[in-house]
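fold the following for me, if possible:
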Amino acid sequence: MYERILAIGDIHGEWDMFMSLYEQLDFDPERDLLIFLGDYIDRGPGSLKVLEWMQSHQGQKNIIMLRGNHEQMMIDFYESEGEEDIWLSNGGDITERALRKQGREKTSICLSFAQSLPLSHRLKISGRDYFFCHAGVNPGRPLDQQEPDDLLWIREEFFDHYQGQEIIVAGHTPTSYVDWGRTTPLIEDNMILLDTGSYMEDGHISCVDLLSGQLWQSR
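Below is the predicted model of the structure:
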């Protein structure tokens, strides 16, 4: 049994903000579970630093890292040799320029890391089912039959219509878009939304302990 289940929303290359959050957590892999919901890169200036941190901690005890749509756009860009260029117009231009300066080997390592990330994680604690993913789920499909595009990209269809019993923990859509002006996570009976707009004015990177409800935000 974990003492804390810590879920962290979208980081988007905001290295200093991420460090200010992580240092507050006092994460202990012997007692805690730490789950990242994806979108480590793009928009912010520290994408490579965030990626390097994630790579160095991947596979460590009780740390789970999921794939976000921005990691998927990066994969699609390089696998298509630049033809799938939607990434560049969604903040990926910052990451692409930084990777180009580092060279092909560094780019290949980052790409392999992104490809290795799972799309979801399921956990049962204290009689409740938790389903972690980047964007949300299609309310019309069982959780074990979700399409990758929904797990990475879905928005309104999920948070406006999901009525399942499992608690969906997701990021992707800034909570200020769901509840105008909100800068904290949105916590309801069957969903927790953790993207609090790290790259936006007055935005943060947020973490919630699912067991106690305690909230931490970047400074």
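
strands paired with the helix or strand harbouring residue 35, and their directions?
Element membership for residue 35 (DSSP states H and E) is strand 32-36. Using DSSP bridges, strand 32-36 pairs in its sheet with strand 4-8 (parallel), strand 63-65 (parallel).

what's the mean pLDDT across the last one?
Right, the one you point to is strand 63-65. Mean pLDDT, strand 63-65: 98.

what do you get for stretch 1-17?
On average, the pLDDT along stretch 1-17 is 97.

over to stretch 37-50?
Across stretch 37-50, pLDDT averages out at 97.

would you map the helices across this structure?
Using DSSP state H, the helices of the chain run over residues 15-25, 47-57, 69-79, 92-102, 104-116, 148-153, 156-161, 175-178.

looking at those, which is buried most?
Each of the helices of the chain was scored by mean neighbour count; the highest is helix 69-79, a mean of 22, by mean count of other Cβ atoms under 10 Å. Placement of C-beta: from N, CA and C, glycine included.

send me that helix as CSV with only the CA atoms.
Coordinates of each C-alpha in helix 69-79 appear next as CSV, following Å, rounded to 0.1, in the frame of the first residue of the first chain:
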residue,chain,number,x,y,z
ASN,A,69,0.2,14.2,-27.4
HIS,A,70,3.3,16.4,-27.7
GLU,A,71,5.6,13.4,-27.4
GLN,A,72,3.4,11.7,-30.0
MET,A,73,3.7,14.7,-32.3
MET,A,74,7.5,14.6,-31.9
ILE,A,75,7.5,10.9,-32.8
ASP,A,76,5.2,11.5,-35.8
PHE,A,77,7.4,14.4,-37.0
TYR,A,78,10.7,12.4,-37.0
GLU,A,79,9.1,9.1,-38.3
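
what does that helix contact?
Contact with helix 69-79 is made by 12, 38-42, 84-88, 90-92, 95-96, 107, 110-111, 114-115, 117, 134-135, 152-153, 172, as judged by Cβ atoms under 8 Å, 6 or more residues apart in numbering.

ok, back up a step: from the middle of its chain, how far away would the strand holding residue 35 be?
Strand 32-36 has its C-alpha centroid displaced from the chain centroid by 12 Å (Cα atoms, centre = their mean, to the nearest Å).
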